[in-house]
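Engineer: Kindly return the folded structure for what I paste below:
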Amino acid sequence: QFKTYEVEMKLYVETDTGDITGQIIKDENPQTLTENQVQAVIDSFNDCIPVEIPTRLVKIRKIKLLNYSPKAEKINFLVECSKGTYIRSLVKDFAEKLGTIATVNQLRRISSGNFHIKQAIKLEEVKEEKLIT
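Structural biologist: Next comes the predicted model:
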């Protein structure tokens, strides 16, 4: 079962949890990265990266660059990956390929299997007849 996430990574900072809520354990001066460098790293992950994390094999099916903002020091991307993928580890690997460090700034699940965020409803709109049992 594949899942899709919209990810925002914050460049040049590393936290103990791998996301922005953790304590900063390392930071670096900003580098001059081009969008071509960022896109090359994105391309290197597409449809060919089985990654073994402790005892789990995961697959990155598709990754797409949404935005690179050098001034904000952020990269936004969409990733379609197998169940069990650690997005924080993916961001760390991504940053390493760019020669720097990063942490997850925002993470939003867009889909899981056949379910997509477009099908979601607000809590106050939930009615018994809409529940899947």
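
Engineer: Now name the helix or strand holding the residue nearest to residue 38 when sequence neighbours are not counted.
Structural biologist: Using Cβ to Cβ, 6 or more residues apart in numbering and skipping residues adjacent in sequence, the residue nearest residue 38 is residue 68, 4.8 Å away. (Each C-beta comes from the backbone N, C-alpha and C, glycine too.) If you go by DSSP states H and E, residue 68 is part of strand 56-69.

Engineer: Okay, now the sheet partners of that strand, with direction.
Structural biologist: Strand 56-69 pairs in its sheet with strand 49-53 (antiparallel), strand 74-82 (antiparallel), by DSSP bridges.

Engineer: Can you list the low-confidence ranges for the chain?
Structural biologist: The chain contains residues with pLDDT under 70 at 48-55, 128-133.

Engineer: Going along the chain, name the strands of the chain.
Structural biologist: Using DSSP state E, the strands found in the chain span residues 2-11, 13-15, 24-27, 49-53, 56-69, 74-82, 102-112, 115-116.

Engineer: and these as TSV, adding mean neighbour count and distance to residue 96?
Structural biologist: Shown next, in TSV, are the strands of the chain (neighbours: other Cβ atoms under 10 Å; distance: least, Cβ to Cβ, whole Å):
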stretch	mean neighbour count	distance to residue 96
strand 2-11	20	12
strand 13-15	20	11
strand 24-27	12	13
strand 49-53	12	13
strand 56-69	15	15
strand 74-82	20	13
strand 102-112	17	9
strand 115-116	12	31
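
Engineer: Ok, which of those comes nearest residue 37?
Structural biologist: strand 56-69 (9.1 Å; Cβ to Cβ).

Engineer: Distance from that closest one to the middle of the chain?
Structural biologist: Averaged C-alpha coordinates place strand 56-69 at 7 Å from its chain's average position (Cα atoms, centre = their mean, to the nearest Å).
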